[in-house]
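[1] Predicted structure and sequence below. I'll ask about it afterward.
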Amino acid sequence: MLKVSAINLLLVGVLLLNLFMLGTSRIRALIQAAALQGVVLGVIPILIGAHRDWNAGLIAIATIVLKGSVIPQMLYRALRDAQIKREVEPLIGFVPTMLLGALGTLLSVAFASGLPLEPQHRELLIVPASFSTVLTGFLLLTTRIKAITQAIGYLVLENGIFIFGMLLVEAMPFLVEIGVLLDLFVGIFVVSIIIHHINREFASLDTRRLTSLKE
Amino acid sequence: MLLVLIALPVLAAGVAAVLPSDRVRPYVLPLAGAAHLALTVEAIAAGRHPSLGGWLALDPPGRVVLLLLSVLFAICAVYAVGYLRYRRELSNRVFVPCLLLFLGMTTLVVCSQHLGLMWVAVEASTLATAPLIYFNHTPRSIEATWKYLLVGSVGIALALLGSLFLAYASLGEDSSLLFGDLLGRAAHMNRSWLQVAFVLLLVGYGTKMGLAPMHSWKPDAYGEAPGVVGALLAGGLTSCAFLALVRVFHICVAAGEGEYAARLLVFFGLFSIAVAAVFMVGQRDFKRMLAYSSIEHMGILVLGVGLGGLGVFASFLHMVNNGLTKAVLFLAAANIHRAFGSKSVDEVRGAMRRVPLSGTLFLLGFFAITGSPPFGPFVSEFLIVSRAFAADRFLVAGGVLLLLLVVFTGMGRTVLVMVQGAPSPEGGRTSYRDGLLTGLPAVFSLALVLLLGLHIPAPLEALLRDAAGFLGRMP
């Protein structure tokens, strides 16, 4: 029982971080929030795991180190090297996206209640937290202009999928672990290669300048 | 056996990466392509032969896709040798290994019989193709690569979420995710989770296929990538994503959710054809026009599967036709692009005069892809439309016919302007003229398309029947 409420507390933290990310106007704060979310997510599987082999431990450590430290450091570096303005530039304002995010969280809760869960998962907030985080990632991806904020959006989207993976971590640890690791790899790949090349060619990470290709 | 088929291109990629000479390196491509084709023919003749505990096997739909993939790669490999001769100014140290990795990873998609492994393979093939799109190192190609990676990664992430949902739907005492086991357990799956899983997987793998409205990466990527990469993406990668989608659809059918899933497929199919038709009219960039044509034909593929019955057979036939015709079009378009130094319709005139072979191929390829007899796509499109009539879906059939007409006129105006007339003497003169290596692969591909229109060879027909029968059979 204590375990369930601890996990739910962490998941509520994840939900609050989602809203914070949608509302913040500083890229640094956005990166920090995403990193914190990553660390929280790394802790959850340790709490859930009934069987604690060291595979699960390794994955947790890898998640915490990569999501909490390596990727944020890369993003900071990109921010510094490209000398981007520190403000997030939204296509849709902060308040409307926050409202959308809040609405999305409500809908996630409603939608999740319609999906039948295994008895041991019924008291957890995993499904709504997962939907809401995926949605937050989507909102960041589509309503923020800079390439760096879009990359963060992708990382948040991944976090949402990671949360859902917690439901399956006992039944099929392999699938979840491989999915998590590959997603992390792609996240790093996307962040590093593209930011590097966009830096060099455009000396800016503004995707508005990436608009020569359109109808 | 299948392990060899997958490992061969990956090893060849390693060899290509360590070869020091830009001049010699491209020759690895046709060598690996030929070996892959020989092994493919042998593997298909030998049957299923599962390996790695059933994780790898050649199911009947996989055989069709594998054959298409291997033939297409062999054609493109020969072309690539000729193409890279014209691009001596750029190093191909990344390009050639990535082409080979692409072949290896798409083969893995085809052979994987495990939901998770298939997802990993699709992901890997996306990563392997990103540097190919970036080959020209222009700002526009970065933009295209950025969109391709970002949109593609989001799509694949959703496919992972869908795979997890599907896994959750199938939770039980046995939690294997092999397709055979999933099909066997399908009747006991939780329906609500399965429905959401199918939507997520359709959106995810549909993004890789380039179904509208998840197609936004496609015109950019096909427009900026070298033509040979466009041919491989439009004919190979999209067919693999189609296969992944069909496998998931198969599970839905087995679970008794076939009607629900088929409705979604028909909707996305029609929507893709419509979006493609709208954007094809008045398109000034002929490589982007081909991208919209690819969106249209991906729509036709899922439409055929959604209609069921004979439509499944026709869809697989159309996949082969579309892949080979796209090779003709993209390779010819790349030659024309090279000869005029432009891919805008405003500057390309009289392609038939300046590059007679490529101009003719482009024109014939246009007739083939828009479903004119006697080429292959005519047969498969005819079968799909007649299946719609047979199933009393008159609105669907009428809509498709109308949209195909719009596509024909829209694409026709662009193509005819390009190939006819006289090239303007001052503008866009380059030293490129048709050569053997850049001409013959497209000629060969067109010959195959023509053959498929006149007579489907018996072995291929047997493969297609097996595939359709496999998907139609309830476990």
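    On my side now, so go ahead. Residues are numbered from 1 along each chain as shown, chains lettered A, B, ... in the order given.

[2] and the host helix or strand of residue B:76, which residues are buried?
    Following DSSP states H and E, one finds residue B:76 within helix B:60-86. Residues of helix B:60-86 classed as buried by neighbour count (16 or more other CB atoms under 10 Å in any protein chain shown): B:60-84, B:86. Glycine gets a C-beta too; all of them are placed from N, C-alpha and C.

[3] So which elements touch it?
    Contacts defined by 3 or more CB pairs under 8 Å, 6 or more residues apart in numbering or on different chains; DSSP states H and E place helix B:60-86 against helix B:28-46, helix B:95-111, helix B:227-232, helix B:238-254, helix B:310-340, helix B:436-454, helix B:458-472.

[4] chain center to stretch B:303-322, what's the gap?
    Here stretch B:303-322 shows a centroid-to-chain-centroid distance of 14 Å under the convention CA atoms, centre = their mean, to the nearest Å.

[5] can I get the CA coordinates of that stretch in PDB?
    Provided in PDB are the C-alpha atoms of stretch B:303-322 (Å, rounded to 0.1, in the frame of the first residue of the first chain):
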ATOM      1  CA  LEU B 303      -7.300   0.700 -49.000                       C
ATOM      2  CA  GLY B 304      -6.900  -2.700 -50.700                       C
ATOM      3  CA  VAL B 305      -6.200  -4.500 -47.400                       C
ATOM      4  CA  GLY B 306      -9.100  -2.700 -45.800                       C
ATOM      5  CA  LEU B 307     -11.400  -3.900 -48.500                       C
ATOM      6  CA  GLY B 308     -10.400  -7.500 -47.800                       C
ATOM      7  CA  GLY B 309     -10.900 -10.500 -50.000                       C
ATOM      8  CA  LEU B 310      -9.300 -10.200 -53.400                       C
ATOM      9  CA  GLY B 311      -8.200  -6.700 -52.300                       C
ATOM     10  CA  VAL B 312      -5.400  -8.200 -50.100                       C
ATOM     11  CA  PHE B 313      -4.000 -10.100 -53.100                       C
ATOM     12  CA  ALA B 314      -4.200  -7.000 -55.200                       C
ATOM     13  CA  SER B 315      -2.500  -4.900 -52.600                       C
ATOM     14  CA  PHE B 316       0.500  -7.100 -52.400                       C
ATOM     15  CA  LEU B 317       0.600  -7.100 -56.200                       C
ATOM     16  CA  HIS B 318       0.300  -3.400 -56.200                       C
ATOM     17  CA  MET B 319       3.100  -3.100 -53.600                       C
ATOM     18  CA  VAL B 320       5.500  -4.900 -56.100                       C
ATOM     19  CA  ASN B 321       4.300  -2.800 -59.000                       C
ATOM     20  CA  ASN B 322       4.500   0.400 -57.100                       C
END
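
[6] What are the buried residues along that stretch?
    Neighbour count says stretch B:303-322 has B:303-308, B:310-322 buried, by 16+ other CB under 10 Å.

[7] Minimum distance to residue A:23: which of the helices and strands packed on helix B:60-86 has it?
    With CB to CB as the criterion, residue A:23 lies closest to helix B:238-254 of the helices and strands packed on helix B:60-86, at 36.4 Å.

[8] which element follows the closest one toward the C-terminus?
    Per DSSP H and E, the helix or strand that comes after helix B:238-254 is helix B:258-280.

[9] Give me the mean pLDDT for that next one.
    Computed over helix B:258-280, the mean pLDDT rounds to 94.

[10] and if you look at stretch B:367-385?
    Averaging pLDDT along stretch B:367-385 gives 94.

[11] Same question for that stretch: list its buried residues.
    Those would be B:367-371, B:375-381, B:383-385, for stretch B:367-385 by 16+ other CB under 10 Å.

[12] chain center to that stretch: distance?
    For stretch B:367-385 - counting by CA atoms, centre = their mean - the centre lies 17 Å from the chain centre.

[13] got the CA coordinates for that stretch in PDB?
    Only the C-alpha atoms of stretch B:367-385 are listed here, as PDB (Å, rounded to 0.1, in the frame of the first residue of the first chain):
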ATOM      1  CA  PHE B 367       1.900   6.300 -67.600                       C
ATOM      2  CA  ALA B 368       2.700   3.100 -65.600                       C
ATOM      3  CA  ILE B 369       2.200   4.700 -62.200                       C
ATOM      4  CA  THR B 370      -1.000   6.400 -63.100                       C
ATOM      5  CA  GLY B 371      -2.500   3.000 -64.000                       C
ATOM      6  CA  SER B 372      -2.400   3.000 -67.700                       C
ATOM      7  CA  PRO B 373      -2.400  -0.300 -69.500                       C
ATOM      8  CA  PRO B 374      -0.400  -2.300 -70.400                       C
ATOM      9  CA  PHE B 375       1.700  -1.700 -67.300                       C
ATOM     10  CA  GLY B 376       1.600  -3.600 -63.900                       C
ATOM     11  CA  PRO B 377      -0.100  -1.000 -61.700                       C
ATOM     12  CA  PHE B 378      -3.100  -1.000 -64.100                       C
ATOM     13  CA  VAL B 379      -3.800  -4.600 -63.200                       C
ATOM     14  CA  SER B 380      -3.500  -4.200 -59.500                       C
ATOM     15  CA  GLU B 381      -5.500  -0.900 -59.300                       C
ATOM     16  CA  PHE B 382      -8.100  -2.500 -61.500                       C
ATOM     17  CA  LEU B 383      -8.400  -5.400 -59.100                       C
ATOM     18  CA  ILE B 384      -8.700  -3.100 -56.100                       C
ATOM     19  CA  VAL B 385     -11.400  -1.000 -57.600                       C
END
